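Undergrad: Sharing a model that was predicted from the sequence below.
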Amino acid sequence: MSAFFLILSVLFLQPFLWVIFSLLGAALLRPPKWKKGLLVTALTVLLVFSNPFIFKMVSNWWEPAPIAFQEIEEAYDYAIVLGGFTRMWAAPLDRHNFNQFPNRFTNAIELHRLKKAKHLIFVSGSPSSVDPTLREADLAIETARRFGLKDEDLTALSTSLNTFENAIECRDYFTKNETKPQPRVLVVTSAFHVRRAQACFEKAGLEVDFFPTDHQTNRSPSHSPTFTDSFLPSTSTFVAWNQIIREWAALCVYKIKGRI
């Protein structure tokens, strides 16, 4: 992630800060018209972005539906597991410290164990702040070995630092190592991230399918909405918007830079 986008994410892409900035503006500005407008803005943002029903509608539109393992009838030659599931600052390094998106890793292990994916490729060059020589893909390989996977079924691609570079690194790997003209490839990543990843892999010229994980809303067909999870304001919902808003911003940045 570039320094510019990191600053943009921290300062401007969080609804909580929109409320804070509006309230500060209302407190500092003297004209009553501005005060009233900023207070209305703060209240509107607070009510809209804390509403679980609104978030669920947007999230369900943005995120592709989950795929059941049994829906995969023919095994994929490769499952590419995109990074972003590790706390790269955490210690000790004798274990895998997952962040809020662990299913990128765990679902990939299950896909292999269930013979839905023959070979796992972990792609991420994000360095550990504890040991900068250690990359996320390398950590994932070590953890996969502890889960009983064999070295011949695992590959670490550990030089790319963002989704676009992930796609290019995977393309170069297939060009160098794959004899099949078109291997069957499944990309495993969080549901909110699928659209950007898909655009990047298409830009790289790779034909892949996607296995979305870590959905942010309840997709169970048997789930009956309640007042609490539909209309009662929720602090967790307020925070959940951060990820999807950042993803929209990242798509815009990628489009401007010609990555998609």
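TA: That came in fine, so what should we check first? Numbers count the residues shown, from 1 in each chain.
Undergrad: where does Leu24 land in three-state SS?
TA: Three-state assignment for Leu24 (DSSP: H, G, I helix; E, B strand; the rest coil): helix.
Undergrad: Can you identify each of the strands in the stretch 51-200 of the chain by residue range?
TA: Taking DSSP state E, counting those that start in this stretch to define them, one finds strands in the stretch 51-200 of the chain at 76-82, 117-123, 154-157, 185-190.
Undergrad: Any idea which of those strands gets closest to Trp34?
TA: Nearest to Trp34 among those is strand 185-190 (39.7 Å), distances taken as CB to CB. Backbone N, C-alpha and C define where each C-beta goes, glycine included.
Undergrad: List the neighbours of that closest one that are in contact with it.
TA: 72, 76-82, 84, 101, 103-104, 107-108, 111, 116-117, 174, 197-198, 201, 206-214 (CB atoms under 8 Å, 6 or more residues apart in numbering).
Undergrad: That strand pairs with which strands, parallel or anti?
TA: Note on strand 185-190: by DSSP bridges, its sheet partners are strand 76-82 (parallel), strand 209-213 (parallel).
Undergrad: Relative to Thr163, which of those strands is closest?
TA: strand 76-82 (6.8 Å).
Undergrad: Give me the buried positions along the closest one.
TA: By 16 or more other CB atoms under 10 Å, the buried positions in strand 76-82 come out as Tyr76, Tyr78, Ala79, Ile80, Val81, Leu82.
Undergrad: quick one: which of the residues you listed is nearest to Phe231?
TA: Among the buried residues of strand 76-82, and counting by CB to CB, the member closest to Phe231 is Leu82, at 34.7 Å.
Undergrad: Report the buried members of the contacts of strand 185-190.
TA: Buried among those (16+ other CB under 10 Å): 72, 76, 78-82, 84, 101, 103-104, 107-108, 111, 116-117, 174, 197-198, 201, 206, 208, 210-214.
Undergrad: Which residue, other than its chain neighbours, is closest to Gly84?
TA: Phe101 (6.1 Å; CB to CB, 6 or more residues apart in numbering).
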